[in-house]
Structure formats: structure tokens, C-alpha cells
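Peer 1: Give me coordinates for this.
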Amino acid sequence: MQILKLGRGLWTAAVCSVLVATALGVQAQEVVSIETGKLQGATEAGVTWFKGIPYAAPPIGDLRWEPPQAAARWSGVRPATEFGHDCMQMPTRSVAAPRRTIASEDCLYLNIWLPEHHSGKLPVMVWIHGGGWVQGGTSPDIYDGAAFARQGIIFVSLNYRLGRFGFFAFPELTKESKSGQLGNYGYFDQLAALKWVQRNIAAFGGDPHRVTIAGESAGGGAVHAMMTSPLTTGLFSGSIVQSGGGRTGLGSPGLHQGRNGQPSAEEFGVAFAKSKGIAGDGPEALKQLRALPPETIVDGLSMMTMFTARSTYSGPMIDGTLVVDEPQPLYQSGKYQHVPMIVGANSADMGMSRATTVQEVFAPFGAQQSAAEEAYDASGTKDVRALGMAVASDALMAEPARFVATTLSSRGVPAWEFRFSYIPESMRKQVTGAAHATDVPFVFDTARAHYGAQLTDADEKAAQQINEYWANFVKTGNPNGAGLPKWPAYHAGSDMLMDFTDNGPVGKADPWKKRLDATETIAVQQPTR
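Peer 2: Numbering: from 1, shown residues only. Sure thing, here's the model as predicted:
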């Protein structure tokens with residue numbers, strides 16, 4: 001261990017951290033110097049990590065609803081072996097991704113995993129977590145980046161402001177803004193983290209010219225936002241979208257003007273202030289909003305309540321600076337970062353349907369209703385709820401993924417489509433498809449942490465394979481590699497994808513072509529959560 005010029009507080013924290021680490025068999029590491037100071041990481045089983053690194057100043061007090069500001073420098077060596085706070089949100093007992101920190105407004109931290117021994121400049125993968133833009137964080141075990149590090153990659157995960165902290169507009173905020181960075185503070189946090197990576201990742205052995213951004217669900221939607229933003233040029237060289245849609249960004253409202261019959265984001269903000277007894281939309285009203293306790297700003301907002309809270313919460317918006325439109329028209333007009341992409345969805349992905357009859361399920365198809373019913377085998381044994389969910393899931397996730405792959409490949413941008421159909425062996429008698437987010441512990445090769453003793457050798461092999469495909473893509477821009485079944489690049493004419501099945505990865509023509517063709521005719525646009 002090397003500790004240089006430690007201040008008393010940092011020295012004490014570092015010693016305590018090292019004592020605990022030693023007891024766990026974790027070795028202390030050499031100090032790494034970045035733009036704001038020195039960091040002390042740790043190593044275990046050939047992987048080094050640095051956690052809780054501030055990439056921006058805490059967005060508290062007068063910095064609530066301001067674009068991210070520069071992180072402060074520190075003296076001595078900062079211990080970086082524990083996660084920083086995940087961002088402020090409702091407490092959750094999520095089975096999919098339970099957090100291991102206490103949520104706080106002071107949350108703009110990122111984490112880095114890298115191989116203990118390496119030479120040359122390593123490729124970098126930056127992960128943006130999901131959670132509907134209202135929940136989630138980097139601390140869950142399933143997001144551990146060690147498996148990627150063992151593949152020869154530097155893995156970075158980041159927190160970003162959520163809910164009304166991350167996506168909020170108010171007339172006085174617009175008036176006081178000097179930068180024009182308004183509304184989508186969570187997205188501006190992600191942008192700041194990507195710029196931090198460009199400035200600092202070389203200190204860890206990373207190559208700032210080989211950065212792949214990746215995300216699932218809301219994180220996948222965020223990747224689409226970064227792909228189609230005019231502010232992200234040069235910040236990444238590849239992208240991965242897992243269950244992130246691709247046509248709509250939420251049916252996003254405009255910052256100042258409403259869209260599609262809904263209020264503007266500023267009007268949502270004024271409605272929230274009014275719900276807390278704060279009148280007006282001027283300086284005094286904003287002062288009172290910034291004085292509200294964090295729990296009052298959350299106000300019960302979660303993935304379970306986000307739709308019922310739509311009268312006081314806008315979600316991501318068209319801000320005119322970072323987000324200039326929905327993804328679909330930007331992809332169609334070529335206004336996106338022309339970098340290779342992996343894009344896909346799960347076989348029983350998220351979808352929302354309230355249909356109670358077959359007629360209600362297929363009524364949106366209009367003149368194509370008969371063809372759609374045939375494509376979805378509506379006369380078969382499926383019940384109405386299953387039909388409705390399949391149609392809604394295709395509209396929300398599977399068809400938009402194909403749309404993006406088609407659009408990119410038609411312009412010569414390499415695209416690789418996937419469908420994650422794998423069901424853990426212990427679950428195969430209970431479910432018939434891979435639900436939303438079940439791909440994540442397989443992509444990270446953290447399925448053992450998620451499923452525990454129920455994980456089988458076949459499950460473990462599936463996780464190792466998909467992790468290797470993702471790592472190959474980060475390293476080369478192509479997911480294929482020695483010893484793996486071939487993953488064909490996507491082209492509309494052949495409509496080939498990689499299906500991660502119970503029997504292993506299979507490159508094949510999409511068996512859902514007819515149903516996705518039917519969905520494409522109406523381009524059903526639902527919010528991507």
C-alpha cells in the first residue's frame with residue numbers, strides 16, 4: 001500500500017478501510033491521481049476497484065436543479081473502496097436489484113473496476129442503470145463490474161439524479177439559467193460523467209478513444225438520448241441498448257410547451273409546487289422549493305406510482321439542448337452518433353395492456369387487424385391478457401429495437417440485434433419467457449449473486465457466454481470471438497439476430513418477423529420506462 005500526505009481524517013478512514021479489507025483478504029493498491037486528487041482502491045481475485053469517486057459537486061442546497069458543477073479537490077489520499085450514496089428515491093425492497101446504500105441527494109459518484117495486471121490502453125465500458133428514471137443505483141450486486149474487468153475491460157458505473165431531482169422544470173429555473181442546461185438534470189449528470197471519463201480514465205489505464213456506453217431499461221433509453229444528442233460527439237465509440245425502446249423517449253413533454261395534448265414540463269413543475277402549498281412561479285417560489293426536505297420532493301414517487309403521479313412529474317423532456325426530439329425522427333434523419341450498436345429486448349419484456357377482449361387488443365391495427373391477429377396467433381390458445389402483453393411488449397421494446405438496428409445498418413453503421421430468451425433452469429416450470437431486466441445478471445455474469453444456490457452449471461455457462469459477447473463488442477466493436485456461436489450482423493434484408501435461448505446462443509432469422517411487421521405498420525408509441 002502507498003499512502004501519500006494523508007490528512008488526519010482521511011488517514012483514519014484509510015487505515016480503517018485497509019484493516020477491514022485485510023480481514024476480508026482484499027489487498028490495498030497503489031494510489032491513482034486524477035484531476036481532483038489521489039484515490040486509494042483495493043484488489044481482490046485479480047480485479048482492482050475504485051468506488052465512490054465524485055465526478056461532480058453534490059447537487060444540494062442552491063445546486064438542487066442546477067446542471068452538475070465541478071467536483072471539489074481534496075488533499076491527501078481519498079479512500080475509494082466503498083460505494084457513494086445512490087441517488088434520492090423511495091426506499092425499495094427490489095428483488096431484481098436491491099441497493100446497498102442509503103439514498104441521498106449527495107449522489108453524483110461513479111465506480112471503476114479494472115484488471116489488476118494490464119498493459120497498454122484498455123477499452124472502457126460505461127454503464128447507465130435502469131429503474132424508470134425514478135429508482136435504482138450502482139450499488140446492487142448484479143451491477144458488479146468484476147467479470148468485465150477479468151475480460152480486459154475498464155468498467156465504469158455511474159449514479160445520476162432521479163425523479164423530480166433529475167427531471168424537473170420551473171419558470172424561475174429557466175429565467176435564472178445561464179447555460180441553457182435545463183430540465184433533464186439526470187441526463188446532464190450522465191453527460192458530465194462521460195466527460196469525466198474522457199479527462200480521467202487514462203489515469204486508470206483506460207483509452208478515452210474506446211468508450212462504449214451501455215444501459216438497460218431507462219438506462220437503455222438514456223443511451224438513445226446520448227446517441228441522438230448534439231452534445232455527445234466524441235464521447236463514445238460504441239453503444240449497447242438492452243430493453244430501451246428506440247422510437248419514443250417517454251412521449252416526452254416540451255420544456256416550455258406541451259406536446260401530444262399534455263402540459264409542458266414547466267407546467268408540471270408549477271403543479272408540483274402548488275401541491276406543496278407553494279404559490280406562484282417566481283424567485284420566492286423557487287426558494288421554497290429548494291428548501292423542501294428531500295423526502296417531500298420524492299413524495300412517494302416510484303416505479304409503482306410514476307404513472308399516477310403524472311400530474312406533478314414530467315419525466316425526461318425535450319429540452320432543446322441535450323434532448324432535441326424523440327429518438328425516432330432523429331434516427332430517421334441521420335442525426336445521431338454513427339457508432340456501432342448492440343440493441344435488443346427480452347422474449348417476455350415489459351408491456352402495458354388493459355385490453356379485456358381480443359377486439360380491444362387488435363383494434364389499434366385498423367385495416368391490418370386480421371393480419372395482426374394471424375401473426376400473433378390470436379385464434380390459438382393464448383388468453384387475452386397474454387395476447388395484450390405480447391402486443392404491448394413488441395410495441396414498447398422488440399419492434400423499436402429492430403427499427404433502430406434497421407435504421408443504423410441502412411446507413412452503414414454496424415448493428416447487432418439480440419433477443420434474450422434464456423430462462424434459468426429453476427424458473428422454467430414457472431414462466432414461459434424472459435421477463436424485463438432478467439438479462440442483466442447474465443450480461444454482468446453476476447447470476448450467481450442473484451440466484452444463489454439455485455443457479456445451475458447451464459445457467460452459469462449462459463452468463464459467461466453473454467458476458468463474453470458484450471466484452472468482445474467493447475473491445476472490438478464486434479461481439480463475435482473465438483469459441484462462441486457466430487452472431488450475424490443485422491441487415492433488414494436478412495433480419496438476422498442472436499437469440500440467447502435455453503439451449504445456447506443461436507444466430508437466426510427473427511421468428512417474430514410477421515408480428516413485428518404488423519406492429520411496425522402502426523408504430524405504437526408508448527413511454528419507455
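Peer 1: Do you have the strands of the stretch 251-400 of the chain handy? List them.
Peer 2: 341-346 (DSSP state E, counting those that start in this stretch).
Peer 1: Any regions of it where pLDDT drops low?
Peer 2: Applying pLDDT under 70 to the stretch 251-400 of the chain flags the ranges 251, 380-382.
Peer 1: Tell me where it has helices.
Peer 2: In the stretch 251-400 of the chain, the helices defined using DSSP state H, counting those that start in this stretch lie at 265-275, 283-291, 294-298, 327-332, 358-362, 369-375, 384-393, 399-410.
Peer 1: Pull the distance from the third one to the chain's centre.
Peer 2: Between the centre of helix 294-298 and the centre of its chain there are 23 Å (C-alpha atoms, centre = their mean, to the nearest Å).
Peer 1: ok, and for it, which residues are buried?
Peer 2: With burial defined by 16 or more other C-beta atoms under 10 Å, the residues of helix 294-298 counted as buried are P294, I297, V298. Every residue, glycine included, has its C-beta placed from N, CA and C.
Peer 1: okay, and the helix or strand of this protein with the least pLDDT?
Peer 2: Lowest by mean pLDDT, DSSP states H and E among the helices and strands of the chain is helix 8-23, with a mean of 42.
Peer 1: Phi and psi next, for the residue nearest the centre of the chain.
Peer 2: Residue closest to the average C-alpha location in the chain (C-alpha atoms, centre = their mean): G219, at 1.6 Å. Main-chain dihedrals, G219, degrees, to the nearest 10: phi -70, psi -40.
Peer 1: Remind me what the lengthiest helix in the chain packs against, helices and strands.
Peer 2: In the chain, taking DSSP state H as the definition, the longest helix is helix 457-476. Under the contact definition 3 or more C-beta pairs under 8 Å, 6 or more residues apart in numbering; DSSP states H and E, helix 457-476 sits against strand 122-128, helix 146-150, strand 206-216, strand 238-242, helix 440-443, helix 447-451, strand 496-501, strand 504-509.
Peer 1: Closest to S379 out of the buried residues of helix 294-298?
Peer 2: V298 (46.8 Å; C-beta to C-beta).
Peer 1: quick revisit: nearest spatial neighbour of the residue nearest to the centre of the chain, skipping sequence neighbours?
Peer 2: Leaving aside its chain neighbours, G219 sits nearest to I128 (3.8 Å; criterion: C-beta to C-beta, 6 or more residues apart in numbering).
Peer 1: quick one, what contacts that neighbour?
Peer 2: L158, Y160, Q190, I213, A214, G215, G219, A222, V223 (C-beta atoms under 8 Å, 6 or more residues apart in numbering).
Peer 1: where does the stretch 51-200 of the chain dip in pLDDT?
Peer 2: 93-99.
Peer 1: ranges for the helices of it?
Peer 2: 146-150, 163-166, 171-176, 185-200.
Peer 1: Just name the most buried of these.
Peer 2: Ranked by mean neighbour count, those are led by helix 163-166 with a mean of 26 (mean count of other C-beta atoms under 10 Å).
Peer 1: In terms of secondary structure, what does that one contact?
Peer 2: Against helix 163-166 (3+ C-beta pairs under 8 Å, 6+ apart) you get helix 185-200, helix 294-298.
Peer 1: Show me what the shortest one is packed up against.
Peer 2: Read it as helix 294-298. Secondary elements touching helix 294-298 (3+ C-beta pairs under 8 Å, 6+ apart): helix 163-166.
Peer 1: Next: the first one.
Peer 2: Where contact means 3+ C-beta pairs under 8 Å, 6+ apart, helix 185-200 is packed against strand 122-128, strand 154-158, helix 163-166, strand 206-216, helix 218-227.
Peer 1: Please give the centre-to-centre distance between it and its chain.
Peer 2: Distance, centroid of helix 185-200 to centroid of chain: 14 Å (C-alpha atoms, centre = their mean).
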